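Peer 1: predicted structure and sequence below. I'll ask about it afterward.
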Amino acid sequence: FFFSSRRRHTRFKCDWSSDVCSSDLTQYGVFQHNVTLTNTTPGTGMPMRFGTTDIGGHGVSIVNDGSSNPTQVTVDTTGLYNFQFSAQLNKNAGGSSAIDVYIWAAINGTAVPETNTRVTIQGPSSYTVAAWNLMLNMTAGQYFQLMWGSADSHAEIAFISPAAIGPVIPAVILTVNRVA
């Protein structure tokens with residue numbers, strides 16, 4: 001019995017349908033921020049900060065912006081990247097009315113079209129987690145920023161320490177992987 005396949009065979013763990021081997025996809029990083037981010041400029045976008053590098057030095061790094069804040073997620077290799085995040089949104093005061101928080105992606109300081117999402121927080125101390133993935137093509141040396149904004153000054157991205165149960169809750173967690 002003879003078996004034939006049209007797929008390319010290799011000596012390492014590779015994607016059978018492409019020339020990209022898993023050993024080539026080594027650009028990644030894990031970052032978080034352990035300070036509450038407040039809405040200092042209602043009605044305008046602000047980049048989220050990533051003050052702690054959990055896993056770095058693998059082709060993805062955090063660089064300070066012009067205001068010396070750690071907001072620019074910089075890649076050293078061209079490719080398709082998966083940006084996965086979670087942000088602990090909250091309304092810290094201001095009555096019982098709902099507020100909207102907007103979150104979107106920017107590359108090199110320019111908003112990426114059709115990445116904006118609105119999250120509604122129902123009332124004070126109504127913690128809401130925004131979490132999703134953004135798949136973006138990046139060129140070596142470009143930087144990604146996760147932007148947020150609200151017209152309400154009571155919007156925040158909350159760091160919670162100590163948490164009632166379990167470890168502290170970071171304000172923002174970001175995981176970045178090059179996938180192609």
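Peer 2: Good, I have the coordinates.
Peer 1: the strands in the chain, which residues?
Peer 2: Using DSSP state E, the strands assigned to the chain run over residues 28-33, 37-38, 46-47, 52-58, 60-64, 70-75, 79-91, 99-107, 110-111, 117-121, 128-138, 143-149, 155-157, 172-178.
Peer 1: okay, these in TSV with mean pLDDT next?
Peer 2: What follows is the strands of the chain, written out as TSV (pLDDT from 0 to 100):
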stretch	mean pLDDT
strand 28-33	97
strand 37-38	98
strand 46-47	98
strand 52-58	92
strand 60-64	97
strand 70-75	98
strand 79-91	97
strand 99-107	98
strand 110-111	98
strand 117-121	96
strand 128-138	97
strand 143-149	98
strand 155-157	97
strand 172-178	98
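Peer 1: what's the closest of those strands to residue 166?
Peer 2: Across the strands of the chain, residue 166 has its closest neighbour in strand 79-91 (13.1 Å, CB to CB). Just so you know, the C-beta spots here come from the backbone N, C-alpha and C atoms, and that holds for glycine as well.
Peer 1: so the closest one versus strand 60-64, what angle?
Peer 2: 50 degrees (axes from the mean of the first three to the mean of the last three CA atoms, to 10 degrees).
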